[in-house]
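Undergrad: Based on what follows, work out the 3D shape:
(one chain, ligands or ions: 2)
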Amino acid sequence: MSPLTGVLSDLDRVLLSADEIRARVTQMAQQIETDYDGKVITVVVLMDGALFFVSDLLRQIDLPIRLVTLGASSYHGGTQSSGQVKINWPAGVDFAGHDILLLDDILDTGLTLAALRERLLAENPATLRTAVLLDKKRPREHEVPLDYCGFEIEDLFVVGYGMDYQGRFRNLPCIGILKP
Ligand code: 5GP
Ligand code: MG
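TA: Ligands and ions are numbered 1, 2, ... in the order given. Sure, this is the predicted structure:
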């Protein structure tokens, strides 16, 4: 595999290596598999940030899965939240009575996941749980109960492993902080 030295050179430092992410995602998959034993999981994924997380996670869960991808954003290309969430709700998907696992890359202000959870609960699922790879340690403007969390991180803007800055850096295998 290419060491991606081109894109990596824009990082100030690596917060989580590809190996650390891989090991933790495997643990999360095992936990989810145990918790949902005997069930079909309806996985609702927030694109595009959770793309690599969901891909690595779901391929290690030996249970039937329905995959639903959604677009939602509170960021609009910068590093600050805009305070509003736009949800592209999928047409024709049945959530009532299903066991839903909501997946996102990172919990920041909580605005996005709180809005999504509220919208999903209105569909009367059997259960609704939430998983994120990263939980930013910061005052939460919107409470989001987390059932699965990969790592707690400092309140810094991170890129890599699906997460972007202005559309770039999603393809970094690690998670890091950009140079100023
Ligand atoms: P929240 O609604 O919790 O404030 O923000 C959640 C969304 O903002 C995440 O799904 C993610 O797309 C984006 N986000 C939050 N913090 C970061 C960050 O540090 N880096 C990147 N690239 N995106 C972030
Ligand atoms: Mg996101």
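
Undergrad: What's the first helix or strand after the helix or strand bottoming out on mean pLDDT in the chain?
TA: One helix or strand of the chain scores below all others by mean pLDDT, DSSP states H and E: strand 81-88, with a mean of 78. Helices and strands here follow DSSP states H and E; after strand 81-88, the next one along the chain is strand 99-107.

Undergrad: Pairing partners for that next one, with directions?
TA: strand 41-47 (parallel), strand 127-136 (parallel) (DSSP bridges).

Undergrad: Please tell me how far it is from the chain's geometric centre.
TA: Centre-to-centre, strand 99-107 and its host chain are 6 Å apart (CA atoms, centre = their mean, to the nearest Å).

Undergrad: Run through who's touching that strand.
TA: 32, 36, 39-46, 49-50, 53-54, 57, 112-113, 116-117, 120, 125-136, 144, 146, 149, 158, 161-163 (CB atoms under 8 Å, 6 or more residues apart in numbering). Using the backbone N, CA and C atoms, a C-beta is placed for each residue, glycine as well.

Undergrad: Same question for stretch 142-155.
TA: Here stretch 142-155 has contacts from 15-16, 21, 24-25, 28, 31-32, 53, 107, 109-111, 113-115, 117, 129-138, using CB under 8 Å, 6+ apart.

Undergrad: sorry, back to before: out of the strands paired with strand 99-107, which gets nearest to ligand 2?
TA: Each of the strands paired with strand 99-107 has some distance to ligand 2 by CB to the ion; the shortest is strand 41-47, at 4.9 Å.

Undergrad: That closest one versus strand 81-88: what angle between them?
TA: Counting by axes from the mean of the first three to the mean of the last three CA atoms, to 10 degrees, strand 41-47 lies at 130 degrees to strand 81-88.
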